[in-house]
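> Dropping a prediction and its sequence here:
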Amino acid sequence: MIAFQGTYFDGKSSKAHPVSIICSGGFVSLRDDVNDLKINVKLDDVSLAPPLGKTRRVLELPGGARCETSDLDAVHQLETQQGYQLQRGMHWVHRLESRWLLVIACAACLLLSLWGLMAYGIPQMAKRAAAATPQPLIDTISNQSLALLDKQLFEPSRLDAARTGSLQQQFQDLIRDSGSTVSARLIFRRSPKMGANALALPSGLVIMTDELIYLSRNDRELLGIMAHELAHVEQQHGLRNTYQSAGIFLLISMLLGDVTSMTSTASTLPTLLIETGYSRQFETAADTFAGQYMLQQGWGTKPLRDILQRIAGEKGGAFPAFLSTHPGTEARLQHLEAMEQGTDRP
């Protein structure tokens, strides 16, 4: 016989009846002498709700009635006597909820897993997705991005053809001398709103503003900027950064080759590309590429450092985060100077 105290609810009202519960001879008997309540139910008709930590246990009775008790040991004894077995999933739930240290450990593991997903998992998925993106889709994203920039920030360039032609030829020489295998092209736009700046689109289109050309004091400074933007193209930083921001479901679609999802999402990617800034890791990688190229040419990194300082000192208008989220200028200058001195190796 197993006896314990509990609270009875008839399933018809919220009124609670304190009862004595006796389990014996295949029956469950509930008694409330104050209210003259006497209920006998076959034990086979009683269902035990799975345990949840140290909360009150529930005996579910026929007709929607139920009985709750805080005597966990008595109910456990009843379970053992009846051979009641928890489902595997509920067994783990019960263990978790009855052991706070285990709950804390699981929560810590969950947070660590989320951090790992954000820091390593999603970036790796984005890298693979960028590599798997069809070239026609990359061209579509870039063309739509350029159209949006032309509408919001850019005006036609006022540089003369001789100047632009010379810089474009130097850019092609840069691609050849750096050993890059990407197909890239340099174009120019005027942008009073953005000021002196440059950016690269995923298709290989590198855009320099007239204001940046005017700000430079020699072409080596501009070649340093070009090399930086070429690195973004070659390492697919723009596309990878966009995918990381777009979300894990888009990444899965890309990796699985779901062309329909990729195409339907293409119209939203230009906005993400423009509004999403490069990560510090991507910017450092691009600076490293540019610094290595300039060192190979025997120029040192000073030309790039000089123009970066001048860009930082400009008081331009506000522009989207994509164009202004490079790491702090001081940190970039220190990185480039350390490369020249041989104290900072990639």
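Thanks, I have the structure now.

> Now do the strands in the stretch 101-250 of the chain.
When secondary structure is read from DSSP state E, counting those that start in this stretch, the stretch 101-250 of the chain shows strands at 155-156, 185-190, 198-200, 205-209.

> I'd like to know which of the ones you listed is closest to Ala126.
Proximity to Ala126 (CB to CB) singles out strand 198-200 among those, at 16.7 Å. (C-beta placed from N, C-alpha, C; glycine too.)

> got the strands of the stretch 101-250 of the chain as JSON lines, with distance to Cys106, mean neighbour count and mean pLDDT columns?
Converted to JSON lines, the strands of the stretch 101-250 of the chain look like this (distance: least, CB to CB, whole Å; neighbours: other CB atoms under 10 Å; pLDDT from 0 to 100):
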{"stretch": "strand 155-156", "distance to Cys106": "57", "mean neighbour count": "12", "mean pLDDT": "96"}
{"stretch": "strand 185-190", "distance to Cys106": "52", "mean neighbour count": "19", "mean pLDDT": "97"}
{"stretch": "strand 198-200", "distance to Cys106": "43", "mean neighbour count": "22", "mean pLDDT": "92"}
{"stretch": "strand 205-209", "distance to Cys106": "48", "mean neighbour count": "24", "mean pLDDT": "96"}
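
> So this protein: which segments form each domain?
Residue ranges of the domains in the chain are recorded as 2-84, 118-341, according to automatic domain parsing.

> Mean neighbour count, those: which tops it?
domain 118-341 (a mean of 18; mean count of other CB atoms under 10 Å).

> what's the distance between it and the middle of its chain?
21 Å (CA atoms, centre = their mean, to the nearest Å).

> Also stretch 35-46?
Worked out by CA atoms, centre = their mean, stretch 35-46 lies 55 Å from the chain centre.

> Start and end of that stretch, how far apart?
Using CA to CA, to the nearest Å, one end of stretch 35-46 lies 23 Å from the other.

> List the contacts of the closest residue to Pro123 other than its chain neighbours.
If the residues on either side of it in the chain are set aside, Pro123 comes closest to Gln244, at 6.2 Å by CB to CB, 6 or more residues apart in numbering. Gln244 makes contact with Ile122, Pro123, Ala126, Leu251, Ser279, according to CB atoms under 8 Å, 6 or more residues apart in numbering.

> Turn these into JSON lines, including pLDDT and distance to Gln144.
JSON lines is the format used below for these (pLDDT from 0 to 100; distance: CB to CB, whole Å):
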{"residue": "Ile122", "pLDDT": "74", "distance to Gln144": "24"}
{"residue": "Pro123", "pLDDT": "80", "distance to Gln144": "24"}
{"residue": "Ala126", "pLDDT": "77", "distance to Gln144": "19"}
{"residue": "Leu251", "pLDDT": "57", "distance to Gln144": "20"}
{"residue": "Ser279", "pLDDT": "78", "distance to Gln144": "23"}
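
> if we can go back for a sec, out of the domains of the chain, which comes closest to Ala105?
Closest among these, using CB to CB: domain 2-84, at 15.4 Å.

> Show the average pLDDT along the closest one.
Average pLDDT, domain 2-84: 87.

> what's the spacing between that domain and its chain's center?
Relative to its parent chain, domain 2-84 has a centroid offset of 49 Å by CA atoms, centre = their mean.

> Do you know the pLDDT at Ala331?
The model's pLDDT for Ala331 equals 88.

> Ok, the one 10 residues further on next?
On pLDDT, Gln341 comes in at 90.

> Same check on Phe322?
Turning to Phe322, the model gives it a pLDDT of 45.

> ok so, going back, any idea how far the residue nearest to Pro123 is from Leu52?
Gln244 is 38 Å from Leu52, where distance means CB to CB, to the nearest Å.

> in the stretch 151-300 of the chain, which spans are helices?
161-178, 210-215, 219-234, 237-246, 248-255, 259-266, 269-275, 280-296 (DSSP state H, counting those that start in this stretch).

> got the contact list for the closest residue to Gly26 other than its chain neighbours?
Once flanking residues are discounted, Gly26 sits nearest to Leu43: 5.1 Å by CB to CB, 6+ apart. Residues counted as contacts of Leu43 (CB under 8 Å, 6+ apart) are Cys23, Gly26, Phe27, Val28, Gln82.

> What's the separation between the first one and Glu79?
For Cys23, the distance to Glu79 under the criterion CB to CB works out to 11 Å.

> what do you get for the fourth one?
The span separating Val28 from Glu79 equals 13 Å under the rule CB to CB.

> Same check on Ser24?
Noted for Ser24: a distance of 16 Å to Glu79, by CB to CB.

> so where's the stretch 151-300 of the chain uncertain?
Under the criterion pLDDT under 70, the flagged ranges of the stretch 151-300 of the chain are 246-277.

> Swap in 90 and give it another go.
Applying pLDDT under 90 to the stretch 151-300 of the chain flags residues 152, 194, 237-282.
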